[in-house]
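S.K.: With the sequence up front, the predicted model follows.
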Amino acid sequence: MIIGITGGIACGKSTVSNYLTLKGYFVSDADLIVRKLWEKDSFRLLLEKELKITLPKNNYKKYVSNLIFNDSDKRQKINNLIHPLVKKEMIKEVNASQDKIKFIDVPLLFEANFDLLCDYTLVVACSKEIQIKRLIKRNNITKQEAIKMIESQMSQEEKVQKASFVVYNDSDSLEDLYYKIDQLIKKVEAL
């Protein structure tokens, strides 16, 4: 059984994935796969070719992140490059796992059609106000920058509608979130 995990930025998706990993569950993390891509010069060169720009050799990720959140055309081109590479690696990891329940953590699960790999989907959600507050604190950015980042993604409402399961993470208590995940795991294991 494959369960796809997603959620809006700063909703707690990574916290959920980390907790599942600590509990011994298999989790294939798209962000970790992408981080490995960033480390390859060949990937930087591929981005330069596709975007028709010259990227700084050091820390070009920050430059590309700004493009993703500020230029929808470039965001689409970047996603068209990254998603197939991530999907290929993720399928390899999932197929190598012998676990009965496998989780895949993908920020753009629905947008990039990774949900088609899944039996079920889990959306980690929270109120927009909490999302903004967490983003400002975590990324040390302005409210306007936080809103821009949130609005560059599929709306939480749309993700929630598409989800098999939803966990609301509006509390500041990790124990509360972990309790909700434990309850969800019981449901999933009974399927």
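M.R.: That came through fine.
S.K.: what about the closest residue to Gln131 other than its chain neighbours, how many neighbours?
M.R.: Of all residues not flanking Gln131 in the chain, Ala10 sits nearest, at 5.0 Å (CB to CB, 6 or more residues apart in numbering). The way it works is simple: take the backbone N, C-alpha and C, and place the C-beta from them, glycine included. By other CB atoms under 10 Å, 22 other residues sit near Ala10.
S.K.: Distance of the residue nearest to the spatial centre of the chain relative to Glu48?
M.R.: To find the centre residue of the chain, average its C-alpha atoms and take the closest one (CA atoms, centre = their mean): that gives Pro107, at 2.0 Å. Using CB to CB, to the nearest Å, we find Pro107 at a distance of 24 Å from Glu48.
S.K.: Tell me the gap between the lowest-mean-pLDDT helix or strand in the chain and the middle of its chain.
M.R.: Using mean pLDDT, DSSP states H and E, helix 60-70 stands out as the lowest-scoring helix or strand of the chain, at a mean of 80. Centre-to-centre, helix 60-70 and its host chain are 16 Å apart (CA atoms, centre = their mean, to the nearest Å).
S.K.: Now do the helix or strand following it and helix 60-70, the angle between them.
M.R.: Once helix 60-70 ends, the next helix or strand along the chain (criterion: DSSP states H and E) is helix 72-96. Orientation of helix 72-96 against helix 60-70 (axes from the mean of the first three to the mean of the last three CA atoms, to 10 degrees) gives an angle of 120 degrees.
S.K.: could we number from 18 for the rest of this?
M.R.: OK, 18 is where the count begins now, so the last one is helix 89-113.
S.K.: who's Thr23 bridged to?
M.R.: Taking DSSP bridges as the rule, Thr23 bridges to Val140.
S.K.: ok, how many other residues are close to it?
M.R.: Neighbours of Thr23 (other CB under 10 Å): 29.
S.K.: measure it to Lys203 for me?
M.R.: In terms of CB to CB, Thr23 sits 21 Å off from Lys203.
S.K.: Could I get the full set of strands for this structure?
M.R.: Assigned by DSSP state E, the strands in the chain fall at 19-24, 43-46, 119-122, 137-142, 182-185.
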